[in-house]
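this one's structure only:
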Ligand code: NAP
């Protein structure tokens, strides 16, 4: 029987996941269908029970339910528990298990384009301290030799991100002004705030025009394809990556978890690029 997968959120109309997931099933002969479900917050528990009752093997979770789904799942991975946010659920042995793939997806996208197997002793600037930044920090902080500066408008939030992994001794919380003043020291920058997103495309959280030439700048925003942050990085001569590959990697990781099929990230990226 054809498997059913999905995404829950509110609003959900603009989700790209149905397009890229269904296209990928077709291209890879996976007998499945992916459906977006609009859920009202007061129905969240019933919705999750309903998905389980009809045998949905996996679903994604998007705004505003990433934190709210936790009490309704049977188990939650260590990473998702740490950051108290789930964006992927898998039905395994009759249990709904929650994961957070944001950090892993970002890391795999960056390592692929940096053409390295893993980060070593890079100096990294993480801009932002929201939900995506938490997951990315948690992944980055698994590398003890990577030096991480977290710069955010609200310092308390950056402190909370730092507390996700206190065993990482190489992390500092700094202001956005401090980050700007030492911008030429970084090898890798990751922009995780919503600043620069369509329609406010002229904005950037930080000026990075004096970035060093061999740096790598990643912005997890994918609309527009090149944010002001990435334009400045490119002008400085740095290598750049937008958020599309992270989004594609996230979907690749879901398909692997749900169906055990390893689909090609470049193929998924192509679908996204054609659409956006
Ligand atoms: P979030 O939890 O709401 O965090 C927003 C962040 O932006 C916070 O650090 C916040 O700083 C900062 N910010 C917002 N307005 C600001 C302003 N005017 N000045 C300075 N800082 C400001 O959001 P999120 O869920 O982490 O998502 C952030 C972005 O990542 C969104 O654009 C989202 O679409 C994108 N994203 C992409 C992917 C992907 O697969 N490519 C995945 C997840 C998210 P404060 O702490 O000071 O408020």
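Happy to help now that I have it. All of these numbers come straight from a predicted model, not from anything done at the bench.

which parts of the stretch 101-250 of the chain sit against the ligand?
Residues of the stretch 101-250 of the chain that fall close to the ligand, judged by Cβ under 6 Å from any ligand atom: 102, 128-133, 152-154, 157, 192-195, 197, 205, 220-222, 243, 246-247, 250. Where you see a C-beta, it was placed from the backbone N, CA and C, and this is true even at glycine.

tally of neighbours for the closest residue to the ligand within the chain?
For the chain and the ligand, the shortest gap (Cβ to the nearest ligand atom) falls at residue 130, measuring 1.9 Å. Neighbourhood size, residue 130 [other Cβ atoms under 10 Å]: 14.

my guess is it meets residue 192, correct?
Yes: Residue 130 lies in contact with residue 192 (Cβ atoms under 8 Å); the separation is 6.6 Å.

wait, what's in contact with residue 216?
110, 113-114, 187-189, 238-241 (Cβ atoms under 8 Å, 6 or more residues apart in numbering).

Kindly give a single PyMOL line that selects the buried subset of those residues.
In PyMOL, this line selects whichever of those come out buried by 16 or more other Cβ atoms under 10 Å:
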select buried, resi 110+114+187+188+189+238+239+240+241
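
residue ranges for the helices of this structure, please.
17-27, 44-53, 78-83, 102-114, 131-140, 155-162, 176-181, 228-235, 244-259, 265-275 (DSSP state H).

any low-confidence regions in this protein?
Counting by pLDDT under 70, the chain contains no low-confidence range.

Point to the residue nearest the middle of it.
With distances taken as Cα atoms, centre = their mean, the residue of the chain nearest its centroid is residue 102 (3.0 Å).

residues in contact with that one?
Residues touching residue 102, when contacts are defined by Cβ under 8 Å, 6+ apart, comprise 87, 131-132, 135-136, 246, 250.

Just put these in TSV and tack on neighbour count.
Formatted as TSV, the entries for the contacts of residue 102 read as follows, by neighbours: other Cβ atoms under 10 Å:
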residue	neighbour count
87	25
131	18
132	25
135	28
136	28
246	27
250	24
